[in-house]
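Q: Everything below, folded, please.
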Amino acid sequence: MMISEMIRSSAEKLTSAEQKLVRELLARPREAALGTASELAKRVGVHEATASRLAKKLGFESYAMFRDTLRQEFIVKADPAGWVRNTLTTMRGPSILGELIEQEALALTRLSGFVTDDALEAVAAILTRARKVFIFAHGNAEALVVLADKRLRRMGLDTVVLSGDGRDLAERLAGLQREDAVLAFANRRAPRHWAALADCAISTGARTIVLADALGPSLIPAPDHLLFAPRGGSEDAFQSLNVPMTIMNALILQVARLNEPRSMERLERVGRLMSILDVP
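A: Residues are numbered from 1 along each chain as shown. Below is the predicted model of the structure:
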């Protein structure tokens, strides 16, 4: 069983101090795998014994055994060279393109088993009603932020991209209100600042939405709405953004369907302005 699955199955039993440790583990698993229980506890601001208790609640005899499992699971997975190397090793035929098409086709075929039309409609309704949509990601998922920002704006929604370091995020988050929504993307592991961002949204009353790969169910704090599906290929190998991008495109179209008059009016206006500005 993966660490994230162990955490999810034990989530209700964890104390607030243990939950702080879990957030740190999911946000920076490599540092936790290479460090000691004392270092981890010190970073989070809890007693060292809390780390040992967490390890035992997750089913390990000691923190040392827990750390060994962390190393096995995350040191390789956090290595981009390793992802590509593992992918090339498992390629059965001479055609890289053919292998990737097969993997992505399988993942896309399974997508509807994870994301339902009802779930998409519920999320789209929140986005269309929101005063502002705050969009957040870290790492490779930032490419999805660009897509979401551009297309939601074209549909007439007011968006705010949460990017940069902690100072930049704080400045942008200062405008978050109860009537807003936070749309975040997560792949492989919890993005840095997710826990703080989610806590901010909870305290404000804003709704949180996460679009993720298989990591989704293990996110702490859990979002109000989760759209997740496994990506193509193995989790310890190269994975594309085709599955989350497909979910994102479906969500954009659902927004257009729910709010068709405003969406079409905005798109037509964008088209007229593109003609005036001589956009090819």
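
Q: Going by C-alpha atoms from here, please, whenever you check contacts or count neighbours.
A: Noted.

Q: Return the distance of the residue most central in space within the chain relative to residue 138.
A: Relative to the mean C-alpha position of the chain, the nearest C-alpha, by C-alpha atoms, centre = their mean, is the one of residue 186, at 1.4 Å. Remark: distance between residue 186 and residue 138 (C-alpha to C-alpha, to the nearest Å) = 8 Å.

Q: got a list of contacts for stretch 134-146?
A: Residues outside stretch 134-146 that contact it (C-alpha atoms under 8 Å, 6 or more residues apart in numbering): 148-149, 159-163, 176, 180-187, 191-192, 241, 245, 248.

Q: from these, which ones fall inside strands?
A: Residues of those located in strands (DSSP state E): 159-162, 181-186.

Q: Okay, and the spatially closest residue to residue 115 that is not a sequence neighbour sits in which element?
A: Of all residues beyond its chain neighbours, the one nearest residue 115 is residue 227 (6.0 Å), with distances taken as C-alpha to C-alpha, 6 or more residues apart in numbering. Assigned by DSSP states H and E, residue 227 falls within strand 225-228.

Q: same check, this time on residue 220
A: Here residue 220, judged by DSSP H and E, is contained in no helix and no strand.

Q: What about it, how many residues nearby?
A: 22 (other C-alpha atoms under 10 Å).

Q: Test my guess that it contacts residue 195.
A: Yes: between residue 220 and residue 195 there is a contact under C-alpha atoms under 8 Å: 6.6 Å.

Q: shared neighbours of these two, which are they?
A: residue 23.

Q: hey, what's the closest residue to the residue nearest to the centre of the chain other than its chain neighbours bridged with?
A: Distances taken as C-alpha to C-alpha, 6+ apart put residue 212 closest to residue 186, at 4.7 Å, once the chain neighbours are dropped. Assessed by DSSP bridges, residue 212 has beta-bridge partners residue 186, residue 228.

Q: Residue 212 - how many residues pack around it?
A: Neighbour count of residue 212, defined by other C-alpha under 10 Å: 26.

Q: quick one: contacts for it?
A: If a contact means C-alpha under 8 Å, 6+ apart, then residue 212 has 185-187, 226-229, 244 as its contacts.

Q: Then residue 186?
A: Contact partners of residue 186, counting by C-alpha under 8 Å, 6+ apart, are 137-138, 141, 210-213, 215-216.

Q: Return the member of those nearest to residue 111.
A: residue 213 (10.5 Å; C-alpha to C-alpha).

Q: that older thread, for the residue nearest to the centre of the chain, give its distance to residue 62.
A: For residue 186 relative to residue 62 (C-alpha to C-alpha), the value is 30 Å.

Q: Could I get the full set of strands for the stretch 1-150 of the chain?
A: Using DSSP state E, counting those that start in this stretch, the strands found in the stretch 1-150 of the chain span residues 133-136.

Q: Poorly predicted segments of it, please.
A: Counting by pLDDT under 70, the stretch 1-150 of the chain shows low-confidence ranges at 1-2, 73-93.

Q: try 80 this time
A: Within the stretch 1-150 of the chain, the set of residues satisfying pLDDT under 80 comprises 1-5, 7-9, 11-12, 25-30, 71-96, 99-100.

Q: re the thing from before, contacting residues around the strand holding residue 227?
A: 114-115, 119-120, 123, 208-214, 216-217, 244, 247.

Q: got the residue ranges for the helices in the stretch 51-200 of the chain?
A: When assigned using DSSP state H, counting those that start in this stretch, the helices of the stretch 51-200 of the chain occupy the ranges 63-70, 80-90, 96-111, 117-129, 142-154, 166-173, 194-204.

Q: Kindly reformat these as CSV containing mean neighbour count and distance to residue 35.
A: Putting the helices of the stretch 51-200 of the chain into CSV (neighbours: other C-alpha atoms under 10 Å; distance: least, C-alpha to C-alpha, whole Å) gives the following:
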stretch, mean neighbour count, distance to residue 35
helix 63-70, 17, 8
helix 80-90, 14, 21
helix 96-111, 15, 35
helix 117-129, 18, 39
helix 142-154, 18, 28
helix 166-173, 13, 23
helix 194-204, 17, 21
